[in-house]
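J.: predicted model follows, preceded by the sequence.
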Amino acid sequence: MTRTDEKENRKIAAAKKMRDIMTTYYLDALSASQNHRQVAWITSGGPVEPLVAMDIIPVYPENHGAMIGSAKMGEDLCTKAEEMGYSADLCAYARADIGCAVAKGGPIGGLPKPDMLICCNNICGTVLKWYEVQARYYDVPLFIFDTPVCHTDFFPETAAYVKAQITEYITFLETVTRQKLDMDRMNQVGHLSFEGQKLWQQVLRTTAHKPSPMSAFDAFFFLALIVTLRGTTTAVDFYKELIAEMEDRIANGISVVADEQYRLLWDNLPVWHRLKWLSKKFSDHKACLVADTYTSAWCGAIQYIDPDNFLDSIAQAYTRIYLNIGIDQMADQILDMIAFYDVNGLVMHSNRSCKPYSFGQMDIMHIVQKKAGIPVLMLEADMVDPRSFSESQMDTRIDAFMEIIQHKNRPHTSADMQTGTGQKAGGR
Amino acid sequence: MTARNLKNERTAPMKEVTPFYRAMDDPAASGRNITHKKILGTLCSYAPEELIYAAGYHPMRLFSSKADNHLAQNHLQTYCCSVVRGILEDSLAGRLDFLHGTVFVHTCDSMQRLSDIWRLKGRYPFFTDVILPAKMHAPSAQTYMAAVLERCKTDLETDTGRPVTTQALADAIRIYNRIRKNLARIYALKSRYPAALQNKDLLALVKGSMVMDRQAAADHLDKVILRLASAVPDTKDAPKAPFKRLLLSGSVCDMPGLYDLFQETGAAVVGDDLCTGRRWFDGLIPEDMEPMAAITRRYAQRLVCPAKHQDLHTRAQHLIDQARQVAADGVVFVLLKFCDPHAFDYPHLKTCLDDAGIKSLVLELDDSQDSQGQLATRIETFIHMI
């Protein structure tokens, strides 16, 4: 097999289908008003299922932000927002979106105008402010779905509050759309959402296999459907196909990184504007980023969902997601992932755009170093804004980190045994 | 005006204000001097201080001592605001060891994580999170808020081993109302007679009241009012003063040097929309209601902070109304570097002020940058322009 053939062989075939699905999705959204359908902008961790059940097209400014980052259009759009008076220290998704709304720019010429905004603050307090800005700009109704942080517990009053808001949310949607929510349809969407999340979890878990059939970089890409089309048959059908492809790759020994030697875990959002570079950088070290804390957040609260009592159960599921819990619980989840995926190191993206994800990372790092004994690398960057990225510094730091990983994981040799410098294989 | 160390040019404040300066300048010393009560630190103007007071503790707002970050940098990145990093530094360095504990409320993303880091450090016997709603307008949020405050009360009762009585709550409400009324009165006097107090006195009076024993604070504030009442002419019409009148807007503005810079430039601070100002003392608690319900109502209805959602327009309208009420010549936004909620609101607030014909200046600072030369030049230019 030639090198080009081998590279082709490693490509995931489902990627093309996924691109087609996303193109169709965005075309539908962009032509919504011509088709007399309403558009709701919603945060990535928001309860989308009632929207799907009411045939409202959900649009995700965060997904759009990721597209802007990947298309390397982040700097221009962020600068536009800064010219409007927004601080350069604010979240780059928010800056890019605010800039894009005014400039009608970006990879798809801007998002379709919303008829309503749904803001769930289970991911951050930033969305609260960002959606206020857009609610004023577009002059459309805003619903805030407030999910109190579960530092240690999910209290009965929290449950009652969030449940009450589910009722308020549906009333809001019924008022804006002037139509009733069909409960049969709602139940159907609830089941599809649950199934989609289970399948997404199954996709992510295929990477426990050694060598891994896909990487976190692929997960960053395939994530788009569980975010944007959660609750639809499209997402369910697609992930079934993706799982089949992953199983096929496992059966045929096809790994995403040639000659995978080291397995790493990624923390925080991706650096969207440097995905290719980072992917190649780690691959060159024969390291595969097998899992990440970000994409797993869209199946991390499955245990709280009851598909037969969907609306009631999502109060807990949407409140207890990864970012809305204390950092000690986050560290526990990371330790579980380290064990499940059997990784040799943790790479933490200290993301200037995301304070709730990044603050506390140093404490998590110390917990991981102490309890799992694996090396941790912290890289400072930004998910969308390239101005916080220093390629040469990143290059050097990754090389140094991989040297430590290689050293910790090299096999014992008789020379080591004699000199007493041997490192325990696996490092744990 | 060139850069200079304005600290050397202070004129002495009136003697009634000096206890507040002592508390402002060295809150830790004030804390160590309070020996008759256990001290619980708070970090936000939404902390339900009346409950803490009624349970028998001394509630004390924590501020950064602005020491260099040696220890906090192992926990928080450089893009975290100086207030959050500074308070953590003080705690880790042992400068807050007089605390019995802390009451965190859900403020912003940075405070949320500071609470986690603080809890895991476990330096003090008592810790609780008061996870207030992020939106204030919905009835469900107010029901939730009542339950959260009830839980806070229970946590305090568990710690002290005795119930918080209705009488104790009523007493706490009365003392806080007295402090709030006094501060509102002083602000009104400062607005009417800008020369009666130095700009910095406003910060000292509010910050001092957040730090010192509350009974003492209320008594000292009474004395300040008495002195002011005798010092200023007994007329409803303010004399034409040669001052430019400024309204400050922002979060924590723990920067005495900045107030001095305004003073030096011939500008009077005649009002504010700050955590260390009106947002702390605005809104009395009804004394004829059931105390817990009354406290809940005050926190749900008080001047909203941008980290909470009230609606889309109240903050801007309030700022314009307040600027007009105090006849401000200009508004100065004092934004703390890396403070997201305020940074998000700024462009909208500025546009609304522009539309209302009110000039504004924005300063983005961390809390130890308040006496820099460049800042003085910017302020001076603005004052001359308005």
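T.: That came through fine.

J.: ranges for the helices of the stretch 101-250 of chain B?
T.: B:109-121, B:139-160, B:166-192, B:199-211, B:214-231 (DSSP state H, counting those that start in this stretch).

J.: can you tell me which of those is packed in deepest?
T.: helix B:199-211 (a mean of 26; mean count of other C-beta atoms under 10 Å in any protein chain shown). Using the backbone N, CA and C atoms, a C-beta is placed for each residue, glycine as well.

J.: re the thing from before, for B:Cys275, find the nearest of the helices of the stretch 101-250 of chain B.
T.: Set against B:Cys275 and scored by C-beta to C-beta, these come closest in helix B:199-211, at 9.4 Å.

J.: make TSV from the helices of the stretch 101-250 of chain B and add mean pLDDT and distance to chain A to it.
T.: Shown next, in TSV, are the helices of the stretch 101-250 of chain B (pLDDT from 0 to 100; distance: least, C-beta to the nearest C-beta, whole Å):
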stretch	mean pLDDT	distance to chain A
helix B:109-121	98	4
helix B:139-160	98	4
helix B:166-192	97	20
helix B:199-211	97	23
helix B:214-231	94	28
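
J.: out of everything not next to it in sequence, what's closest to residue 135?
T.: Just so you know, I chose chain A. A:Leu142 (3.9 Å; C-beta to C-beta, 6 or more residues apart in numbering or on different chains).

J.: my question was about chain B
T.: Leaving aside its chain neighbours, B:Lys135 sits nearest to B:His309 (4.2 Å; criterion: C-beta to C-beta, 6+ apart).

J.: now render the helices of the stretch 101-250 of chain B as CSV, adding distance to A:Asn187.
T.: Listed next are the helices of the stretch 101-250 of chain B as CSV, based on distance: least, C-beta to C-beta, whole Å:
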stretch, distance to A:Asn187
helix B:109-121, 35
helix B:139-160, 24
helix B:166-192, 46
helix B:199-211, 52
helix B:214-231, 55
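
J.: pLDDT weak spots in the stretch 201-350 of chain B?
T.: Applying pLDDT under 70 to the stretch 201-350 of chain B flags the ranges B:233-241.

J.: show me what contacts residue 231?
T.: This is for chain A. A:Gly231 is in contact with A:Val48, A:Glu49, A:Val52, A:Ala53, A:Val189, A:Gly190, A:Leu192, A:Ser193, A:Gly196, counting by C-beta atoms under 8 Å, 6 or more residues apart in numbering or on different chains.

J.: I was after chain B.
T.: Contacts of B:Ala231 (C-beta under 8 Å, 6+ apart): B:Ala196.

J.: ok so, going back, wait, the residue nearest to B:Lys135 sits on A:Trp130?
T.: No: if you go by C-beta atoms under 8 Å, B:His309 and A:Trp130 don't touch, sitting 11.8 Å apart.

J.: now for the contacts of A:Gly231: which two are most distant?
T.: A:Ala53 and A:Gly196 (14.1 Å).

J.: follow-up on the earlier one: next, format the contacts of A:Gly231 as TSV and append neighbour count.
T.: TSV is the format used below for those (neighbours: other C-beta atoms under 10 Å in any protein chain shown):
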residue	neighbour count
A:Val48	25
A:Glu49	24
A:Val52	21
A:Ala53	25
A:Val189	22
A:Gly190	25
A:Leu192	22
A:Ser193	27
A:Gly196	25
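
J.: okay, those in CSV with secondary structure, pLDDT and distance to B:Ile383 next?
T.: Formatted as CSV, the contacts of A:Gly231 follow (DSSP: H, G, I helix; E, B strand; the rest coil; pLDDT from 0 to 100; distance: C-beta to C-beta, whole Å):
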residue, secondary structure, pLDDT, distance to B:Ile383
A:Val48, coil, 97, 51
A:Glu49, helix, 98, 55
A:Val52, helix, 98, 56
A:Ala53, helix, 98, 58
A:Val189, helix, 98, 59
A:Gly190, helix, 98, 60
A:Leu192, helix, 98, 62
A:Ser193, helix, 98, 58
A:Gly196, helix, 98, 60
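
J.: residues contacting the residue nearest to B:Lys135?
T.: By C-beta under 8 Å, 6+ apart, the contact set of B:His309 is A:Leu128, A:Glu132, A:Ile144, B:Ala134, B:Lys135, B:Met136, B:His137.

J.: which ChimeraX command selects the buried ones in these?
T.: Only the buried members of the contacts of B:His309 end up in this ChimeraX selection, burial being decided by 16 or more other C-beta atoms under 10 Å in any protein chain shown:
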select /A:128,132,144 /B:134,135,136
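
J.: could you single out the nearest of the contacts of B:His309 to A:Ile108?
T.: If you rank the contacts of B:His309 by distance to A:Ile108 using C-beta to C-beta, A:Glu132 comes first, at 24.2 Å.

J.: and the pLDDT at the closest one?
T.: Per-residue pLDDT puts A:Glu132 at 98.

J.: work out for me the element it sits within.
T.: Assigned by DSSP states H and E, A:Glu132 belongs to helix A:126-138.

J.: hmm, who's touching that helix?
T.: By C-beta under 8 Å, 6+ apart, helix A:126-138 touches A:41, A:43, A:61, A:90-91, A:93-94, A:97-98, A:101-102, A:113-114, A:117, A:119-121, A:141-142, A:144, A:355, B:109, B:134, B:306-307, B:309, B:312-313, B:340-341, B:344-345, B:348.

J.: now the residue in the stretch 201-350 of chain A that chain B sits nearest to: closest residue in space, sequence neighbours ignored.
T.: In the stretch 201-350 of chain A, no residue comes nearer to chain B than A:Ile327, which is 4.3 Å away by C-beta to the nearest C-beta. Excluding its sequence neighbours, the residue lying closest to A:Ile327 (C-beta to C-beta, 6+ apart) is A:Gly360, at 3.7 Å.

J.: thought A:Gln202 was touching A:Tyr239?
T.: Yes: applying C-beta under 8 Å as the test, A:Gln202 and A:Tyr239 come out as touching, 7.5 Å apart.

J.: okay, strands next: where are they in the stretch 251-386 of chain B?
T.: B:267-273, B:330-336, B:359-365 (DSSP state E, counting those that start in this stretch).

J.: distance to chain A and mean neighbour count for those - can I get that in JSON lines?
T.: JSON lines is the format used below for the strands of the stretch 251-386 of chain B (distance: least, C-beta to the nearest C-beta, whole Å; neighbours: other C-beta atoms under 10 Å in any protein chain shown):
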{"stretch": "strand B:267-273", "distance to chain A": "17", "mean neighbour count": "26"}
{"stretch": "strand B:330-336", "distance to chain A": "8", "mean neighbour count": "23"}
{"stretch": "strand B:359-365", "distance to chain A": "7", "mean neighbour count": "19"}
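
J.: of all those, which lies closest to B:Ile173?
T.: For the strands of the stretch 251-386 of chain B, the distance to B:Ile173 is smallest for strand B:267-273, at 24.0 Å, taking C-beta to C-beta.

J.: so what touches the closest one?
T.: Outside strand B:267-273, the residues that reach it (C-beta under 8 Å, 6+ apart) are B:187, B:190-191, B:194-195, B:199, B:202, B:241, B:243-250, B:253, B:259, B:262, B:278-279, B:303, B:318-319, B:322-323, B:325-328, B:379, B:383.
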